[in-house]
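Engineer: Return a 3D structure for these sequence lines:
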Amino acid sequence: MDPVSSTQNQDITEHVKCQENCQHPSNVKSHVWTFECAWEVANKVGGIYTVIRSKTGLSVEMMKNQYVLLGPYKGKSSREEIDEFEFSPGPLYDAVCKIRDAGLQVHTGTWLVDGNPVVILFDIASASNKMNYYKQELFEKTNIGIPDSDVESNDSVLFGFMVAQFLAEFSNILTTIEADSSKIVCHFHEWLSGIGLIMLRLWEIKVATVFTTHATLLGRYLCAGSTDFYNNLNNFNIDIEAGNRQIYQRYCLERAAAHMAHVFTTVSDITAMEAECLLKRKPDVITPNGLNIKRFSALHEFQNLHAINKEKIHDFVRGHFYGHLDFDLTKTLYFFIAGRYEFGNKGVDIFIESLARLNHLMKESGTDVTVLAFIILPAKTNNFNVESLKGQAVAKSLKDTIENVQKNIGKKLFELCLSGQMPESDDLLSKDDVVRLKRCLFASHRSLPPPITTHNIAQDDTDQVLNALRRCQLLNNSWDRVKVVFHPEFLSSTNPLFNLDYEEFIRGCNLGVFPSYYEPWGYTPAECTVMGIPSITTNLSGFGCFMADHIADPESYGIHIVDRQNISLDESINQLTRYMLNFTLLTERQRVIQRNRTERLSEILDWENLFIYYKRARLMALSTVYSDTVLDNEEGSSLARQPHPVSEPESSRPVTTTVLGSQDEVDNEKELEELGNRASRNI
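Structural biologist: You can find the predicted model right below:
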């Protein structure tokens, strides 16, 4: 047994010896320690939390106990996320002790997610007395000043210095124990962790560093300000723009981290272009975001799950639209948009405008199809809308009454038939039953249209979504073919209105619509894809660009990409409207075929395939610091391009017309034409 493996074997306490990836020295396959540092480690505040959490299982599988996550300790929320315990003696334990001896508080354990990765969380409050010292050193070495009023930047200073001190101690201890046989690489995400990288480089600690920006600070602010961002990327006076938005110090930290990292990465080509213009460094590697598709995998069941969860959405609709349920639920399509409340960046503005145009076209055509569009964006609310709660109560009361009447009728029917009598209608429905039914029917009547929101919005008169819906006259009138429901909070199974979680909701919908103007990646359409739900994205989102690069004909697979870069805004809205209109014209069987094709793209988004880009970035950083690092053949590999759908079924494939439960529907030329680009159907 080599001495390195022996040391590794002591790094994790007896508490996790049941985990095979941590208990056996033979599992250690390299001398590389990989640290991943982010504000979102065991701290659910944004999309980076999903990025890191979704790949922990694969990371632990590949790197065993030499993969360690670094993040901030956030009290109650952190206690719910991690299984806290002390490490056994070893380099990790010794480095933690050194930090604690300096008066800093550190929490250690494993993150309660797939793979149970080792995690170290830093209590930044314990370092608050060193704030001025840290700021002074940062200013003296970088000329970046942090104002006291910028709480977020102050937190990043404390977190960054604590991480840098820990890694410096760990590097010194490892060098003492293992001489030159081990290597360290640390992957930092976003500017909030960037100071840790900056200080490691300034202190000349022998650690290979990777910095990933998932969205540039200035880019997000500029897009939120309704600027013509992408057509003016090379024209912005960056210092003035950052100063005007009072984020100059944050921009400087982000730019310094990007330039001082051994390897700089972004999550998409569109963000790479942005970073090159705003941060003045071209990314070395594109590291697209993936998903753990095993979590979403439903094998042959995903079509059935769609039907089951759609019925749950039906239940909500029956209550919300009580008294005005004048449309056929079997001919109703559920569209949705979800994410942070960024009205322009997320494309909510053009989604609502496109719904208005779709409503006009559907009314003109006389179709009996109804579109119900859900807008799931968290906003400040006072409480649930009384009408929404009342609707669910009325629907439940009617359902319970009818179930009781059904039982009574069934019992009478059985008794009459058993006695040899042919039942008459008057014999089955008693006067009491009729009275109870009439009471429920009268209670379900209301004169006003169903509400367009499920909550009382805190600032109703200035809310952008509500004002846009009012302006476009999307008010759930009986003559509208497009109905809307604005739900200003994220979904969960404890929600008293929906009673289903977000994943179930996605599976029950027919189409996800995400016409973002600024979307460095886009997890919402990716989640739709792995669950077999078609989606609309744009060529300004990382996901849209990735799919366009890796799929020969995205539309055939249910991925519709709106052009928001090369045509006018009005043309983009018309294109989005056309995609949604064409979707309403599909038959049920065509939608089943499209869901099958969409679900087939899951493997493209699996971390099993996308992790290669992370490995490439880290190997490149290691080769910069450690001359004996070898870039293996995998370093140059990439994903293959997905071809057109199969035009003709193989002779071995059964030809079926089953609507539910079939993994492979027939893909013949006629279906390809039906599901392809319907250019002839212009709006």
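Engineer: From now on I want contacts and neighbour counts done on CA atoms only, so please keep to that.
Structural biologist: Will do.
Engineer: pLDDT value on Thr227, please?
Structural biologist: With respect to pLDDT, Thr227 scores 81.
Engineer: again, but for Glu276
Structural biologist: In this prediction, Glu276 has a pLDDT value of 97.
Engineer: burial count for it?
Structural biologist: Neighbour count of Glu276, defined by other Cα atoms under 10 Å: 14.
Engineer: That one touches Lys282, doesn't it?
Structural biologist: Yes. Between Glu276 and Lys282 there is a contact under Cα atoms under 8 Å: 4.7 Å.
Engineer: For Val118, give me its contacts.
Structural biologist: Counting by Cα atoms under 8 Å, 6 or more residues apart in numbering, Val118 touches 65, 67-69, 108-111.
Engineer: Check Val41 too.
Structural biologist: Counting by Cα under 8 Å, 6+ apart, Val41 touches 49, 52-53, 69-72.
Engineer: Gly194 is in contact with Thr213, correct?
Structural biologist: No. Using Cα under 8 Å, Thr213 is not in contact with Gly194; the gap is 9.8 Å.
Engineer: Between those two, point out the one with more neighbours.
Structural biologist: Applying other Cα under 10 Å to Thr213 and Gly194 shows that Gly194 carries more neighbours, namely 31 against 24.
Engineer: Grab the nearest non-local neighbour of the more buried one.
Structural biologist: Excluding the flanking residues, the one nearest Gly194 by Cα to Cα, 6 or more residues apart in numbering is Ala257, at 5.3 Å.
Engineer: residue contacts, the one you found?
Structural biologist: 191, 194-195, 197-198, 211.
Engineer: ok, 10 Å please
Structural biologist: Shown in contact with Ala257 (Cα atoms under 10 Å, 6 or more residues apart in numbering): 188-191, 193-199, 201, 209-213, 251, 264, 279.
Engineer: What strand or helix carries it?
Structural biologist: Using DSSP states H and E, Ala257 falls within helix 248-260.
Engineer: phi, psi of the closest residue to Asn385 other than its chain neighbours?
Structural biologist: Spatially, and ignoring its direct neighbours in sequence, Asn385 is nearest to His455 (4.3 Å; Cα to Cα, 6+ apart). His455 has phi and psi values of phi -130, psi 170 when expressed as degrees, to the nearest 10.
Engineer: still on that earlier bit, for the helix holding Ala257, list the C-alpha coordinates in CSV.
Structural biologist: Only the C-alpha atoms of helix 248-260 are listed here, as CSV (Å, rounded to 0.1, in the frame of the first residue of the first chain):
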residue,chain,number,x,y,z
TYR,A,248,-17.7,48.7,-10.1
GLN,A,249,-15.9,46.9,-7.2
ARG,A,250,-17.8,43.6,-8.0
TYR,A,251,-16.9,43.9,-11.7
CYS,A,252,-13.2,44.4,-10.8
LEU,A,253,-13.3,41.3,-8.6
GLU,A,254,-14.9,39.3,-11.4
ARG,A,255,-12.5,40.5,-14.0
ALA,A,256,-9.4,40.0,-11.8
ALA,A,257,-10.5,36.4,-11.0
ALA,A,258,-11.0,35.7,-14.7
HIS,A,259,-7.6,37.0,-15.6
MET,A,260,-5.7,35.5,-12.7
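Engineer: Show me what the helix or strand just after it is packed up against.
Structural biologist: Following helix 248-260 in sequence order, the next helix or strand is strand 263-266 (DSSP H and E). Using 3 or more Cα pairs under 10 Å, 6 or more residues apart in numbering; DSSP states H and E as the contact definition, the elements that strand 263-266 packs against are strand 183-189, strand 208-213, helix 248-260, helix 269-278, strand 285-286, helix 607-625.
Engineer: After the fifth one, which helix or strand is next?
Structural biologist: Under the assignment DSSP H and E, the closest C-terminal helix or strand after strand 285-286 is helix 293-296.
Engineer: how far out from the middle of the chain is that next one?
Structural biologist: 14 Å (Cα atoms, centre = their mean, to the nearest Å).
Engineer: Sketch out the low-pLDDT regions of the stretch 251-400 of the chain for me.
Structural biologist: Counting by pLDDT under 70, the ranges of the stretch 251-400 of the chain that qualify are 297-300.
Engineer: Ok, the stretch 401-550 of the chain next?
Structural biologist: Within the stretch 401-550 of the chain, the segments meeting pLDDT under 70 span 427, 443-444.
Engineer: Can you name the residues bridging to Ser541?
Structural biologist: When bridges are called by DSSP bridges, Ser541 pairs up with Glu519.
Engineer: how far away is it from Cys277?
Structural biologist: Applying Cα to Cα, to the nearest Å, the value for Ser541 to Cys277 is 17 Å.
Engineer: The two: who's more crowded?
Structural biologist: It is Ser541, of Ser541 and Cys277, that has more neighbours when counted by other Cα under 10 Å, with 26 against 18.
Engineer: What segments of the stretch 401-550 of the chain are strands?
Structural biologist: 455-457, 482-487, 511-513, 535-538 (DSSP state E, counting those that start in this stretch).
Engineer: Can you lay out the ones you listed as TSV showing distance to Asn172 and mean neighbour count?
Structural biologist: Listed next are the strands of the stretch 401-550 of the chain as TSV, based on distance: least, Cα to Cα, whole Å; neighbours: other Cα atoms under 10 Å:
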stretch	distance to Asn172	mean neighbour count
strand 455-457	55	19
strand 482-487	53	22
strand 511-513	51	26
strand 535-538	48	27
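Engineer: need those strands in JSON lines with distance to Arg245, can you?
Structural biologist: As requested, the strands of the stretch 401-550 of the chain are exported to JSON lines (distance: least, Cα to Cα, whole Å):
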{"stretch": "strand 455-457", "distance to Arg245": "27"}
{"stretch": "strand 482-487", "distance to Arg245": "30"}
{"stretch": "strand 511-513", "distance to Arg245": "30"}
{"stretch": "strand 535-538", "distance to Arg245": "27"}
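Engineer: Looking at those strands, spot the one closest to Leu437.
Structural biologist: For these, proximity to Leu437 was assessed by Cα to Cα; strand 482-487 is nearest, at 28.0 Å.
Engineer: Need the CA coordinates for stretch 418-431. CSV is fine.
Structural biologist: In CSV, the C-alpha atoms belonging to stretch 418-431 read as follows (Å, rounded to 0.1, in the frame of the first residue of the first chain):
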residue,chain,number,x,y,z
LEU,A,418,-81.3,-7.8,-7.2
SER,A,419,-85.1,-7.7,-6.7
GLY,A,420,-85.6,-8.2,-10.4
GLN,A,421,-86.8,-4.6,-11.2
MET,A,422,-85.6,-2.5,-14.0
PRO,A,423,-84.5,0.8,-12.4
GLU,A,424,-86.1,4.1,-13.5
SER,A,425,-84.3,7.4,-13.2
ASP,A,426,-86.7,8.7,-10.6
ASP,A,427,-85.9,5.6,-8.5
LEU,A,428,-82.2,6.4,-8.4
LEU,A,429,-81.9,10.1,-7.7
SER,A,430,-83.7,11.1,-4.5
LYS,A,431,-85.1,14.6,-3.7
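Engineer: Going by neighbour count, which residues of that stretch are buried?
Structural biologist: Buried residues in stretch 418-431, counted by 16 or more other Cα atoms under 10 Å: Leu428.
Engineer: count of neighbours near Ala272?
Structural biologist: Ala272: 27 neighbours (other Cα under 10 Å).
Engineer: Check the contacts of Val118 for burial and list the buried ones.
Structural biologist: Here, 16+ other Cα under 10 Å leaves 65, 67-69, 108-111 buried among those.
Engineer: quick one: least confident of the residues you listed?
Structural biologist: By pLDDT, Asn65 ranks lowest within these, coming in at 90.
Engineer: Relative to Phe188, how far out is that one?
Structural biologist: Between Asn65 and Phe188 the distance, using Cα to Cα, works out to 19 Å.
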